[in-house]
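Peer 1: fold the stuff below for me.
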Amino acid sequence: MPKHGKKYRKAVENIGTALDLQVEDAVSKALSLAYAKFDETVDVALRLGVDPKYSDQMVRGAVALPHGLGKTVRVAVFCKGDKEAEAKAAGADFVGGEDLVAKVKEGFLDFDSAIATPDVMALVGQIGRVLGPRGLMPNAKTGTVTFDVASAVKEVKAGRVEFKVDKAGVLHAPLGKVSFGPEKILDNLKVLLAEINRIRPSGAKGSYMVSMAVSTTMGPGFRVDPVLIRKFVEG
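Peer 2: Numbering: from 1, shown residues only. This next block holds a predicted model:
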């Protein structure tokens, strides 16, 4: 078990025994107990009733959050021809084809998201072993393999979040910064959950959104009453 600092232990003492809360209460408590000197990120952990080892139960996607994520996102676009100018005009930080791939092979990874046009994916595949483990590999399911690079760049810059369940069926995603306040975090959370619910895989049987917890970078997590998750999404 990891050892926590005095501030974390004090925060836990202030909340007493963890209870399953309403979504709004979980978010409010998480934000109120954020104690770091920096603007912590608010995160959600959602356990889904799926087994990702089966292809018809994989949950993966992306969604643009209404209030963004509160951080500057550096975007690399792998493309060629006229698409290079289009990507630059949309605000991409790094643009190129073979030259950008070669740069990544040499160790360049100063970007947070990568987009590629379908016609250069064979090139990008050469650096898949570098991009994949870092969550940077472009993927059509998340909208990062597209000829509409302008829209993709703008969405990523505005605060699009990508999500994917892990081997245990748990999905982690950022919701913004503590400084956003409860209202904006709740807006972002509702949009994220609605998208996850929309793409429910055909193989998912029974309860889908099994459990959920909200936390900040340094703070404790607050569990949400499972019954109230769906009500929050549909409310």
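Peer 1: any regions of the protein where pLDDT drops low?
Peer 2: 1-19 (pLDDT under 70).
Peer 1: what residues sit buried inside the longest helix along it?
Peer 2: Secondary structure of the chain per DSSP state H: the longest helix is helix 182-198. Within helix 182-198, the residues that count as buried by 16 or more other CB atoms under 10 Å are 182, 184-193, 195-196. Placement of C-beta: from N, CA and C, glycine included.
Peer 1: closest one to residue 145 out of those residues, please.
Peer 2: residue 195 (18.5 Å; CB to CB).
Peer 1: test my guess that the closest one contacts residue 61.
Peer 2: Yes. Taking contacts as CB atoms under 8 Å, residue 195 lies within contact range of residue 61: 6.2 Å.
Peer 1: distance of residue 87 from residue 55?
Peer 2: Distance of residue 87 to residue 55, computed by CB to CB, to the nearest Å: 32 Å.
Peer 1: JSON lines for the buried residues of helix 182-198, including distance to residue 109?
Peer 2: Converted to JSON lines, the buried residues of helix 182-198 look like this (distance: CB to CB, whole Å):
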{"residue": "182", "distance to residue 109": "35"}
{"residue": "184", "distance to residue 109": "30"}
{"residue": "185", "distance to residue 109": "29"}
{"residue": "186", "distance to residue 109": "34"}
{"residue": "187", "distance to residue 109": "32"}
{"residue": "188", "distance to residue 109": "27"}
{"residue": "189", "distance to residue 109": "30"}
{"residue": "190", "distance to residue 109": "33"}
{"residue": "191", "distance to residue 109": "29"}
{"residue": "192", "distance to residue 109": "26"}
{"residue": "193", "distance to residue 109": "31"}
{"residue": "195", "distance to residue 109": "28"}
{"residue": "196", "distance to residue 109": "28"}
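Peer 1: hmm, back to that, so how far is the longest helix of the chain from its chain's centroid?
Peer 2: Here the centre of helix 182-198 is set off from its chain's centre by 12 Å, with CA atoms, centre = their mean, to the nearest Å.
Peer 1: how far away is the residue located most distally from the centre of the chain from residue 102?
Peer 2: Ranked by distance from the centre of the chain (CA atoms, centre = their mean), the top residue is residue 81, with 30.5 Å. With distances taken as CB to CB, residue 81 is found 18 Å from residue 102.
Peer 1: do the same with residue 234
Peer 2: Relative to residue 102, and taking CB to CB, residue 234 is found at 49 Å.
Peer 1: and for residue 58?
Peer 2: Counting by CB to CB - residue 58 and residue 102 are separated by 32 Å.
Peer 1: the two: who's more crowded?
Peer 2: For the pair residue 58 and residue 102, the greater number of neighbours falls to residue 58 (17 against 14), based on other CB atoms under 10 Å.
Peer 1: name the helix or strand for the nearest residue to the more buried one once chain neighbours are set aside, please.
Peer 2: Closest residue to residue 58 apart from its sequence neighbours, by CB to CB, 6 or more residues apart in numbering: residue 52 at 5.3 Å. For residue 52, there is no helix or strand it lies in under DSSP states H and E.
Peer 1: from what I can see residue 52 touches residue 170, true?
Peer 2: No. With contact defined as CB under 8 Å, residue 52 does not reach residue 170; the gap is 9.7 Å.
Peer 1: and those two? Which one has more around it.
Peer 2: Neighbours per residue (other CB under 10 Å) separate residue 52 from residue 170, with residue 52 holding more: 19 against 15.
Peer 1: name the residues that touch stretch 59-72?
Peer 2: 39, 41, 48, 50, 52, 139, 141-144, 155, 158-165, 171, 174-177, 179-180, 184, 187-188, 191-192, 195-196, 199-201 (CB atoms under 8 Å, 6 or more residues apart in numbering).
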